[in-house]
Every structure is written in structure tokens, then in C-alpha cells.
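# predicted model, plus sequence, below.
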Amino acid sequence: MMCFKWPAIIAGALGIFVLWLPISLQAQLVLSFAVLGLLFMAMSRPANKTFRLMTFVLSAVLALRYAYWRTTETLPDMSEPLNFVPGLLLYLAEMYCLVMLGVSYFMLADPLSRKAPAITDAAALPTVDVFIPTYNEDPELLAATLAAAKSMIYPRDKLAIYLLDDGGTEAKRNHKDPRVALAAMRRHELLKSLCESMGVNYHARQKNDHAKAGNLNDGLRISRGELVVVFDADHAPVREFLRETVPFFAEDEKLFLVQTPHYFLNPDPLEKNLDTFARMPSENEMFYSVMQRGLDKWNASFFCGSAAVLRRKALESTRGFAGQSITEDCETALALHTKGWHSYYVDKPLIAGLQPETFVSFIGQRARWCQGMLQILILNRPFLARGLSIGQRICYAGINLFWLFPLSRLAFMFSPLLYIFFSLEIYQANIMEFASYALTYLISSFAMQSYLYGRVRWPWVSELYEYVQSVMLIGSILSVVRNPRKPTFNVTAKGQTLEKSMLSPLARPYFAIFLLLLAAAFYSAWRFFTEPLATDLLMIVAGWNLLNLGLAGAALGVVSERRELRRNQRLPVKRHALMRVGETLHSVVINDASSGGMTVEFLDHVPEIPAEGPFTATLELRRNGHVIMVEVERRNMRSGSDSAIYGFAYKERTPETFMAIAELMYSDQAVLQDRLTRRQARIGFFAGTAQFAFWTIRETLRALVYATGRVSETPAESIEDAPMTIRTKPKYRPEEIEDGAESFKVDSFKGAQVYG
Amino acid sequence: MAERSRLRATALLALLATTAPLGGSARAVENRLQPLVTPAAAVEPVAPAKTEAPAPQGMLIPFEQPASALRLTGEDDSLELTFALPERLRLAGGTLEIAYDNAVSVLPDTARVDVSVNGAVVGNFPVRSPNGLTTIRIPLKGEQVRAGRNLVRLRAVQHHRVDCSLAATYELWTRLSVSASGFRTAMPFRFEEPTDLLSVGRNSREQTEIRLVASPDGAPGLVNQALPVIQSLALAMNRKDVVVSVAPVPGTGPGIDLYVGEAGQDGQPDAARQALGGAAAGLSLRDAAIPGRAAVTLRGGSREALSEGLLAALRGPLNEALQTGVLAPRLGGLAGQPGMRYTLGDTGYEAQPFTGRLSRARFTIDMPADFYPAEYDTMKFFLNGATAPGLMPNAQLLIRVNDRVVTSLPFRNTDGEVFRHKPIEMPLRAFRPGVNRVELLAELPAPSDAACRPGEREDDKPRFMMLKESALQIPALARIGRLPDLGAFAGTGYPYGRGKPFAVVVDRPGPETLEAAATTITRLALAAGKPLEAALSYGSQPESKGAGDLLVITTDQPAAGHAAAAESADAAPARPAGDPGIDHFTTAAAGHGDAIVSAGSEALLDAFRQSTSGGGERSLNARTQEWLGQLSNRFNSWLRYQEAGNDVLPEEKDRLISIRQSARVGGEGVLTAIRARTPADLQKGFEALVEPAAWERLEGATASIRTGDLALLTEQADHRFIREITDESFGNFRRLAASWFSDNFQVYIGLVISLFVGFGLWLGFIVPKKGVRSE
């Protein structure tokens, strides 16, 4: 096939030369339509790699033509600085987007789908240390994660779990503020007891140096496992986690990382406030279901801070986790990639975690990511880093550069205003030129967006996410550019509740921008109908402003926080169980479960449950002959489609209860996968646009209701979960749990191992 | 002998070439920019004499500009005219005579024309002659004029009687009579010196005629020996309306009779024998028998002697005429040198506040003959100027190139706006090789125009000013000699004006064919700015094969009389094989009269449809179909770089005369054929064709004069051939590629898709093997 290499390269180079010829508008229009036609034809067979790459090439033809035209013909003359300067800024924003488009095409050239190899010799399995770093999370949240981690299928003598508590460090316990010191001591004792009772290791280091990276490195210091698993405090793994990840390390001695996706039980503020969580794919699914797979092709999938397995030997080669930036995960991966280590990505949800619930905490999290990634871009300069392949350089530069999107997004938002209000012509084109170059390029971009991401991203949702973040992240970008070493690690608040619906404290600028764009829309309409020489440009710009207004309207909904009373996030498990009421066992289906309780549907015979007053029962879960029992008490009842559905809460929450919760929620990976698959359905461009237009109108009105203080909500009673109870002596010791042995037996492990 | 003759001719070319300024911007006197406003306080009112006074006895020296250029249009327009005055008559002075008429719509109360001569104001006069010519006479003293060419500047300010709208300004015109206007000498005029040629008058057809006194039916030798002289005289006079006739007797009316050779030379008619017999050797000038007519003799017994005589005149007395005429930078015109930046000041434009509703500024750009007009770049005009507050929001600046609006700049700011180097882009495709006419039209309506009440009209309030620092930037051009291109032919003489000899074949010797041949050669020499080495011969069948460039004058029938009403399609000869195809058709307003034109079948059908469509209500479906059809036609025309509605092709019988360029089969040369069916058609058609207004609008592969209205029709070629590439730089090849691909975008699209599909296929093969293998 070498014989085709040089002709193909020459064809490509000649093609680029031909594309950069200043041809006529007529030629461009016909070329655009011809290429669009071919593009849609190539999209008809998404499974075919050649067709896939053909779509990239054809889309690139239109993008390059647009870039050429934009560069040579649309920039204002330098002699008009009022036009030229903003025009240049808009141009740079667009060129940034084009560069990112090119990088994304490279990343997504051939996404991989990895499948874990079978384990042939359990005795040869490496030892694994599980690190659960924590700082200020609730003990109940930690208990759930620890229980899930303990429930993972793996030889017990090869698995050690560490709770790395940065909230109870010696420095914290000796803090000069007695309140802080007291809180740290109480936390230290409580978590120590929890860990002791659950049979896991508790460790609190002396000082809180280097935040999470420092905490993990101290964990490395006190542990000896060949592999290290990192789970965030709210990331509870499913039982199969290690079975789906660890075997890869036997395949590749240079493998340092197996990363898995982050699956979230709760909606982020956009999903919650726009009420899309049940139907629309989450924001991170595009990254985990598409981007990381693409990065994996170029050995550039990177550590995301949690839900990953790392090789100790590799970490030692770079002196542990990197801590120069506040995104230690990506930085660590970059350092290891430069040393020649490999990374894998497994596109299978194996943990369930939480997202920030409020817009404030959401922005806080994104500000950290943004600043951390830009720190890496500035301090580590991945595109120039030695030891990386060209592919890795492009991928790392791309994922870091992505975080400059607030600059381009805001440029797109505000540019039309310059023409509408001040008649500044910063984009010089008539409507035919716009149709021939820009419109066809936009059509190809939307088509490619749908082709590549349609399963995981609805139309206009990316733009909305970008916009709501951009308004707040612009300051973060300026700060990190001014002083790249200044940003400090902040822990994202999770598990928050909101007693009543209200505007976010950050809502004010979003309202201001919306009103500005609304005024621009009215003014542009007035100009259009009153100016005798209303130009093509005015029409283009007014349309552009309307799109921006739609985004801004939908964003008002994002910052109008709906109340959130739920303390624990439910997972639809659909699992059979037995419920003992008195002396009678009833078959039930557990519809969904959370760390606070569950909903239950009786299958055959509904016991007599009084309408009022306390009612307790015992839930029995069985796995491989082992019975797990947990006391529950009735909370509520509602009518289901077939029968009544009862809500139960745990009567008490002991470590054993949390083990039962882990069994209930995280014993089956398919539960997570099913929910993910159900949401990942394509929606067409026009249907998506109509949906978005509906959101814009609905959310704008809702935000105005919030802003005028006319929210009418009935007070809802929120019943506390059962408090966590820790007995001095744990009921379950690792060596006492034997059910895992059966699990391994039915799975692919072979040989005489000790599993408990 | 022939070689020596060629050497002589080459020496003549070299002489002219060395006297030509290198790359200097041409200054045209015939296309002046406006506005030219003399401050009122500076004008000393001069009461010009009216036509009732008895006419002086001297001769009327006409303006050098052709009749088509003598119009003042709009509310404020100016003209620059020239006339040539011999030194011996200067001191006596004379009278500037301006014979004019004007549109009925011009308001006589406020309309006036300011007149200046050689920069000095000499007077003004009201415009009030809607019913016929009125001659204004302004006496000029000897010190007010100069020997040689004098510059007369006229600035007309005129307003509409009842309508203050913008559209009404297009109805305003004042027209000068080319035959009755000029400078009348105070003393009797006699043709004595060669430079007196510049003062010669025009004939009844308002043309400057050079008549070669020779037998049109004789051997071509006499004509050939006269061709260099004719061209040289035309170059010295530098008149765009020069025509050449060939007859055995001198002409009548103002003009030039030319006698070349020796009295005893074979084939000389009697009149020539008489004239040459008494003439001195070399070039001499005297009065002809008819008043106002000059007799020029170039006496010599051999070609060498004739060349020496001519060279002596060109180096001597005629040198100044050449230097101040055809070789001088033209005021009002720009040489379109690639990469150059010209200011409006370079065109002679003078900035003044403009008070009317429609400001006009005109200039010409001479684009190179091998210029390839396409979209690889744009011509940029940088506006420096300002608008006054209070204009309507629909005020705008329009730029017209070759009579088509190509771009506009809206003046949106009704509070007034200052423009500093405001770029306005003009598509290069609007230009063509040769002379291009550019008009800057500022439409400046104000709210007060709607009422237009006497006393409330804002005719004197400044509305716009464009500074002379406004500039035109000519980009790097794609350069390739592409033919056929009648624009380059008429505008620059290309390819005949490149200095190489070429053949001229006349199928039937006769006064009509020889006039066409000699006039065409002369016009080409004027366009090229130098005499051309043309060799005339007679032949029954024009040779379409062979090397070298060829100019053919042919008529299908020897019989006189044109059968304009001939209906038989058989009468129309079939198009010769190898003729260029036709894909474009435009008309220019160069015709005379309003004769009904028999159009093509499609045109007839269109006319029928239009005439019958207004009778009754048509269904929505029919109207929708018609609208879609029009939309489709417009889009198709746009795709072919044409203007919609100009796709009616004339039938052969409707072509009085045609000029067509094509490649010579089997050679590198180009064949330009001027063809008519009869000599009478040729004469009539050629007269219309060489009118300056028509000649400068020639373009494409074929141009025709339509029988009925003498309108000029031009047709683009769908295929052109490359004659030469003078610039072999990478940049030029890139621009050429862009131009060619734009004209042939099917090829471009096929190429792009082929290249990238090939590249994509290879990527599909190679990518799974790269990185982590995924085959």
C-alpha cells in the first residue's frame, strides 16, 4: 500500500493548494453544494471507517474554504481601527474554533472500544490499593463509597482500601482556630471508627500540602499494592469494576492507566433546572462516550481524577501524582505519557457519582478545571513536551486549548451588537458570500456535530453549556493567564439541597446580557423596517443575534434554580427482593434505591400496611445463597401503574446497612449501562432546534417569574435519613465475607484462591 | 526592399516608444471628473456675447473631443475640452463659441455654465436653450490662450424645474454641438504648418476625416505606403473620432486630404498627381480647395524617402503634438498598472463641496491588454470624504464600472459621517482589458427634496464632499494574453499593437472595404499609442489558416444595397467553421434612431408573452411558475457571470456588420474579421461601429451593429485561447489558475473532489493502522 502513500499525500497537498485559490463566488457555491451532497452520502454508513474519514475530509474542505475566505476577504481594513480591532478579535475567535475543529477531527479519527481480556490466573492478579481521598464530605457519603469499594469482586488478600482523609490531618487537628481543630478531631475520630468498623484503612497525613495530589501521594507512601485505584469520595464503584479494568495491566507492561467514565446519579444544574435529566444525555457523556475513546486511539486518554486504575511502578517513575496544577489528574497523565507509559480507556460506566447540584458549585468545579487545564497549557506546554508522539501532542494541546472557549463564545455573543447598535462592520460580507461560504460551512458543522455526537448531545446544548460557563469563567481565564501559579485547589460541593426555588446568586449578569440582546433584537428589527438601505449584513447580524438571544433565554432557566429536597439520589435498580413483614415473606421489586431508602412494589400479595403510623419491615437481599437483611420503615405510598408503590427508608444506617446499600445499588453494572443507553438516542437537528426554542420561551418566562419573586411553592416536608450508627466492632471483616468466592467461581477466575 | 522598409517602420516605432513616458499615468481630457466648483465670489461675471451678434470671419477650430463626450449631465457636472491653436494666430485671440441645447426639465432660473480657459475663469452663461442650439460667444484675448493645446473647462450647475427627487437629476443634461463649438480665430485661418492639422474641423458626420486620395480599386501598394502616414497623422491629432476614407478625388467639407508618393507613380489619380507635382519633398500642409479642408502631402519616390519625410515631421513639427497628445499622461484617466495606488487627484479631480442630489465623478482606467478579469482580487477604492447632516437614510455612494453598478456604500448615518480611507471593493470581473469607465455616483437625497417648493429648495446647501486624496488601489493582476477579446483589441490594440507586423486582407477592394481597413488600423494605432506595421492585401477568400495575426475585411456580396427586410434565412450565410461559440450577449446604447428591431425567436416569444400577459387574471400557479422561472433564469445567469435578461441572441440577418475574433487554425495568430453582407452595409455599419461611444464598448468575441437601431451588441466567447504569458511568476500562475477555475468551475469542483476523495480513501486505509491499531 506504500505505492498509494505518496500519490495520496501529493493529492492532499495539491488539494490544499487548490482550496486556497481565490475562486469566484459562483464556483464556491457550486463546490459547497457538491461537497455537502457528498458529505451526506458519506454519513450514510457511520460504521465504515473509510466513510467516516471521508466525512472529515469533506467537512474540512468546506472549513478550509471558509477559513481562506474569512481571512482574505472579510476582515475590515486596518485603516478603520473601530472596525478592525473587534473584527480581528471575532476572526481570532473563529479561527480558534476552526483549530479546535481540526483537533477534534484528529482526536475522533478512529475511536476505540476496548473489551477487558479474560482473567486466566487469579493467583497472578496484582495487588490493588484503593484510594478514596476525602476532604469535607459527609461520613454517610463516604460510608456508601467505602461499602461499594469493599464489595468489588477481587481476591481479598490482594485488595486494600484506604480512606485518605485530608479533613482530619494533623495540621487540621492542631489548627490555631479551636473550632476548626475540634471539627477536624471529631471528623478524624468518626471516620477512623467508620473505617475500623468497615474493615478498611484510615489514613490522615500530617499536612495538607498539594491538595488532592499530595493526599494521594501520601497514600502511595503508606501502601504497597501494585495497582492503585482512585475513587472520589462520592464515586461508588460497581462490583465488576476491578474485573473490567485490572486484566488490561497483564496485557501491557507499559500500561499506567485504565480510565473509566464517570456516571452520575444526579443532574447538573442545567439538567435539573431545564428538567432534561431523564431524557437528554448528560454533558459529560460526550466526553466519556466519544472523546476519551478517540483519545485512546492516540494513546492519549487521560486520568480524570477518579474511577481509574494506575500502576504504582509508573507513578513512582514520576514521583507520584503531579501537583503543579489544580487538575492533578490530567497533569499526572501527561507526565506519564511523556515517559512512554500507555493509557487505556474503557467505555463502560463502572462507578456512580454525584455532580454539583447548584449553579454556584457547578461554576466552581468548572473554574477549577478551566484554570487547571490552562495551567498545564502554560506551564507544561504539552504541544512541545518531549517524549510525546505527534498524536499525543495534538490531543493534549486540544484538550487544554478547549478551555479557552469562553473567549470565543463571548465574542460570538457580543459581536452582533457592534453592528446593530453602532453600525461597526466587523465582518464584511454580503448575503451571497455568507450563503456560499459561511452558511454551507455551518451546515456541514451542524451535520458533523450530529454525526459525531448526535447520540450524546442534542442540538444547541453545547452552545448553552459553553455560554453559561463563559460568563463566569472569563475571569478565571484572565486570572490564570496573569499568574499561572496562582490558582488553588477548591473542593466541589456536592450533595447540596435547596429548600425553595430561587435565582442563583450568580444570575444577575445573565439577566443583564439577556436584556441587552433583547434590546438589540428590537433595535435591529426597527432598523430593518425603517432603513431604506437595510443591508444583507443587517439581516445576517439580526439573525445571529436572535440565536444568541435564544441561548441567553435558555441560560436564564439554568440560573433559575429549582428547589432540590432530595438528599440521596436514586438509582432505578429494578431488583427482586424479599420483604419480611411480621413472619411473612413477600416478594417485592425494588424499583429504585438510594443511600437513604428505596421504593418497593409488592409482586404477589400486598401486606396490610396501615395508612398512618410507623410500619417497619425487613428487606432481604440474596446473593449466591448469602442473605443480607436490612431493617426498613415505611415513609410514603403512591399509586403506580399496576399497584401501589411504597417508599421505605432504612431504619438505621450502620456499616452493615451501607454494605446492603452497596449490594442493592452497585451490584449490577447493567443498571448504569441501561440508563445511559436509554438516554443516548439521537434527536434530529430540527427536532432539537424546536425543543431548544421551546426551552428558550419556557425558561425565560420561568426566570422572569423567579426574578419578580412570584414563585409559589407548597412547603414540602423533608424527612431526615436515619443517622449513621457505628458499632465499635465491625460485624464484617474482610475474611468473614465469603460470598465473593462464589462470585469469582461463576466468573472467569480459575485456580485456588482465597476470596474472603 | 521589404526588409529595409520594415527597418524604417521599426525605427519609427522605436522613436515613438522612446518618447512615450514610462508607466506614467495617462491624463485624459475627454473624461473629466466633477464636481468642479468655482467659488462664487471668485467668479467675475462676464457677459458673453449671444448668438445674435454677427459671426467673426476666422475659422472655427473644433474641440478635439468627440461628440459623444460633449454632455454635461446631472445637477453638477464638468467637462474638460481642448482645442489646438497655431502660434501665429494666438496673439490675435478669438472667440470661444459654445453651441448648446439642454433638456426641457432644466430650471432656467438657476442653471448656469461656468467657463474657464487654461485655468482662468472667462465667464459663465445661463442654461436656457431647450428648443434648439444657442451659441454663446466669449471673446478671448491673445494672452488668454496659448499656442498648441488649450484647455477649456466647463462646469454646469443645473436643477430640475419641478422635481427635486434624485431620479429627476438623471433627466438633466446640457449638450454641446461638436460641429458648432470651438474656438473661432480672430484672423483668417490657413493650413500652413503640419501642426495646423490639429485644428482641422469635422465633416458632416461629425467625424475627423483623413481621406487618402488614391484609387480604391487599384493595387494596394498606394494604400500600404500611406498607412504609416495616416496612422502618424491620427496619432498627432489624437482624436477618437478619426476615420479614414479612400477615394480618387479630394473630399468635401472639413477634413484632410492626404497625398502620398510621387506624382508619376503608377496608380496615382489625377488629383494626387496634381497635388504631389507641386509639393515639396517630405511632409507638407496647405489649404485644400474647399475651405476648412487641409491637404497633406508626403512626397517621396521610394518607401525610404517617404519614411524619412514622415520621421522628419514626427521628430520636428509634430513632436509637440505627439507629446501633448497621445503620449501625454491623460488627465481624467489612470493607467491600470498592477500594484499601483492612484488618488483622485491623479485624475485631475478637484474637491469641492457638492450641493446637489447626485454627485458624479468619472474617470477611466486603462487595464493591461493581457489582464484576466476574475475574482482573485478586488479593485479597492478608499473613500476620503464626508456627508452632511440631514441626508435621508437611503443616501449612498454607487460605483459604476463600464455602465454597470458594481458596488455601493450606504451613507446610513443621517447625522453626517466622515470617511477616512473607507475601503470599497470593486470586483475585478467588472473590468476588462483596455479602457474602463468608472463612475462614482453619490446619491444624496434630503427630506426637503420631497416638497420641492420654490424658496424652500435646498439647492445650495452642501451635502457631500469627496477629497482628492480618495484613492484607487489596483491589485496584482492575472496576466495572460487571452483571445478573443475585442475589449483589448479596441482599448489597447491587442494583439496587433505589440509591434509585430500583421496582415490586413480585404476581400473586395473598394472604398467601403478600404475605409474599414484603414480606419481600423488607425484606431488600433491610437489605442496602442504607436503606428502599427500592417500590410494590406486583397484576396477573395480570407485565409483563416496560418501563422501571424490577421485582420480581414469582408463582404458577402459585391452588390450595393442592403436588404434589411430580407426574410429568407437562406440569405444569411452559415457561421464559418471554427468561429467561437457565443454565450453572452449585451447591448450598448450606441445606436441611432428608434427603428424596430427584428429580434431572435426567443425574444419574439418573450415579447409575445409579455404583450399578452396583462389581459386577464392569471392563476396563482401560473404566477408562481413564472416567478420560479425568472428566479431560475437569474440564478443561471449569475452562475454564468451574466446579467439576467441579456440572453437574447440576434439572428444573422439582423446584424448589419459584425466584428469577430477567433484563433487562426493551425497557427498562433488571431483572426479578426469585420464582415457585412454588402459594401453598403459595411459602410453604414462601420460608421456606427467606429463611433467612439461604440468603439470603446467593444468586448467579447463578437460585436455586431444591429440593423434596425444601429445598437452595438457584444457576445462573449465561451472558449478563449491563450496567446501568451508575459509574467511567469508563481503569483501570476496562481492568479491565472484561480481565474481559469472560476470560469470553468466544473473542472475545479471535479478536481477538488477527486483530490480529496483520493486523500480520504487513503486516510481510511492508513488511520486504522496508526496509533492503536483498530483494523
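Here it is on my side, so go on.
# how near is residue A:605 to residue B:377?
87 Å (CB to CB, to the nearest Å). In short, each C-beta sits where N, CA and C put it, glycine included.
# comparing those two, which residue is more hemmed in?
Just comparing residue A:605 and residue B:377: by other CB atoms under 10 Å in any protein chain shown the higher neighbour count belongs to residue B:377, 21 against 9.
# close to chain B: what parts of the stretch 301-450 of chain A are there?
Proximity of the stretch 301-450 of chain A to chain B (CB under 8 Å from any CB of the partner chain) is limited to residues A:391, A:423.
# where does pLDDT dip in the chain?
Looking at chain A here, since you left the chain open. A:1-2, A:494-496, A:533-535, A:718, A:727-756 (pLDDT under 70).
# correction: the question concerned chain B.
Ranges of chain B meeting pLDDT under 70: B:1-57, B:331, B:454, B:540-546, B:557-617, B:643-650, B:666-667, B:775.
# again, 50 this time
Across chain B, the ranges flagged by pLDDT under 50 are B:1-56, B:559-600, B:647.
# so what's the residue most central in space within it up against?
Relative to the mean C-alpha position of chain B, the nearest C-alpha, by CA atoms, centre = their mean, is the one of residue B:696, at 2.7 Å. By CB atoms under 8 Å, 6 or more residues apart in numbering or on different chains, the residues touching residue B:696 are B:240, B:434, B:435, B:437, B:490, B:491.
# so which of those residues are in strands?
B:434, B:435, B:437 (DSSP state E).
# please name the bridge partners of the second one.
The reference is to residue B:435. residue B:366 (DSSP bridges).
# just give me the neighbour total for it.
24.
# before we move on, what about the first one?
For residue B:434, the number of neighbouring residues by other CB under 10 Å comes to 27.
# excluding chain neighbours, give the residue nearest to it in space.
residue B:491 (1.5 Å; CB to CB, 6 or more residues apart in numbering or on different chains).
# that neighbour and residue B:529, how far apart?
On the measure of CB to CB, residue B:491 and residue B:529 end up 11 Å apart.
# more crowded one of the two?
residue B:491 (26 against 20).
# so who does the more buried one touch?
So, once contact is read as CB under 8 Å, 6+ apart, residue B:491 ends up touching B:366, B:367, B:369, B:432, B:433, B:434, B:435, B:527, B:696, B:698.
# which one among the residues you listed gets closest to residue A:89?
When the contacts of residue B:491 are compared for distance to residue A:89 (CB to CB), residue B:367 wins out at 37.2 Å.
# residues in contact with that closest one?
B:336, B:373, B:431, B:432, B:433, B:434, B:435, B:436, B:477, B:491.
# which one's the longest helix in chain B?
helix B:745-766 (DSSP state H).
# show me what that one is packed against.
When contacts are defined as 3 or more CB pairs under 8 Å, 6 or more residues apart in numbering or on different chains; DSSP states H and E, helix B:745-766 packs onto helix A:2-19, helix A:25-42, helix A:49-73, helix B:730-743.
# give the buried residues for the first one.
Across helix A:2-19, burial judged by 16 or more other CB atoms under 10 Å in any protein chain shown covers A:8, A:11, A:12, A:14, A:15, A:16, A:18, A:19.
# swap in the longest one?
Of the residues in helix A:49-73, those buried by neighbour count under the rule 16+ other CB under 10 Å are A:49-70, A:73.
# who touches the residue lying closest to residue A:581 once chain neighbours are set aside in this structure?
Using CB to CB, 6+ apart and skipping the chain neighbours, the partner closest in space to residue A:581 is residue A:607 (4.2 Å). Residue A:607 makes contact with A:579, A:581, A:582, A:584, A:586, A:617, according to CB under 8 Å, 6+ apart.
# can you tell me the helix or strand for residue B:84?
Secondary structure from DSSP states H and E places residue B:84 in strand B:76-85.
# direction included, what does that strand pair against?
For strand B:76-85, pairing defined by DSSP bridges yields strand B:148-157 (antiparallel).
# export the strand it pairs with as CSV, just CAs?
Extracted in CSV, the C-alpha atoms of strand B:148-157 (Å, rounded to 0.1, in the frame of the first residue of the first chain):
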residue,chain,number,x,y,z
GLY,B,148,-0.8,74.4,-29.1
ARG,B,149,-3.4,72.7,-27.0
ASN,B,150,-5.6,74.9,-24.8
LEU,B,151,-7.8,73.5,-22.0
VAL,B,152,-11.4,74.7,-21.7
ARG,B,153,-13.2,73.7,-18.6
LEU,B,154,-17.0,73.9,-18.4
ARG,B,155,-18.9,73.4,-15.2
ALA,B,156,-22.7,73.2,-15.4
VAL,B,157,-24.9,73.6,-12.4
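# strands of the stretch 101-250 of chain A, start to end?
Assigned by DSSP state E, counting those that start in this stretch, the stretch 101-250 of chain A shows strands spanning A:128-134, A:159-165, A:201-203, A:227-230, A:236-237.
# most packed of the ones you listed?
Highest mean neighbour count among these (mean count of other CB atoms under 10 Å in any protein chain shown): strand A:236-237, with a mean of 28.
# strands paired with that strand, and their directions?
Checking strand A:236-237 against DSSP bridges gives partners strand A:351-353 (antiparallel).
# how about residues contacting the strand it pairs with?
Against strand A:351-353 from outside (CB under 8 Å, 6+ apart): A:231-232, A:234-238, A:241, A:260, A:262-265, A:306-307, A:571, A:665-666, A:672.
# helix or strand for residue 271, which one?
All of this is about chain A. Per DSSP H and E: helix A:269-273 holds residue A:271.
# nope, chain B
helix B:270-277.
# who does that helix touch, helix- and strand-wise?
So helix B:270-277, by 3+ CB pairs under 8 Å, 6+ apart, packs with strand B:208-213, strand B:255-261, strand B:293-299.
# try 6 Å this time
strand B:255-261, strand B:293-299 (3 or more CB pairs under 6 Å, 6 or more residues apart in numbering or on different chains; DSSP states H and E).
# what's the closest of those strands to chain A?
strand B:255-261 (48.1 Å; CB to the nearest CB).
# listing partners with orientation, what would you give for the closest one?
Per DSSP bridges, strand B:255-261 is paired in its sheet with strand B:208-213 (parallel), strand B:293-299 (parallel).
# tell me the domain ranges of chain B?
B:2-21+B:193-324, B:40-185, B:357-365+B:380-480, B:482-564+B:576-590+B:643-721, B:745-775 (automatic domain parsing).
# go through those and name the closest to residue A:459.
It's domain B:745-775; of the domains of chain B, that one is closest to residue A:459 (CB to CB) at 26.1 Å.
# if we go by neighbour counts, what in the closest one is buried?
For domain B:745-775, by 16+ other CB under 10 Å, it's B:745, B:748-749, B:752-753, B:755-765, B:767-768, B:771-772, B:774.
# what does stretch A:432-448 give?
Quick answer for stretch A:432-448 (16+ other CB under 10 Å): A:433-441, A:443-445, A:447-448.
# for the residue in the stretch 651-775 of chain B positioned nearest to chain A, which non-adjacent residue is closest in space?
When scored by CB to the nearest CB, the stretch 651-775 of chain B has residue B:764 as its residue closest to chain A, at 2.8 Å. Excluding the flanking residues, the one nearest residue B:764 by CB to CB, 6+ apart is residue A:50, at 2.8 Å.
# what parts of chain B come near chain A?
Chain B comes close to chain A at residues B:375-376, B:393-394, B:396, B:410, B:412, B:421, B:423, B:639, B:737-738, B:741-742, B:745, B:748-749, B:752, B:755-756, B:758-760, B:762-764, B:767-768, B:771-772, B:774, as judged by CB under 6 Å from any CB of the partner chain.
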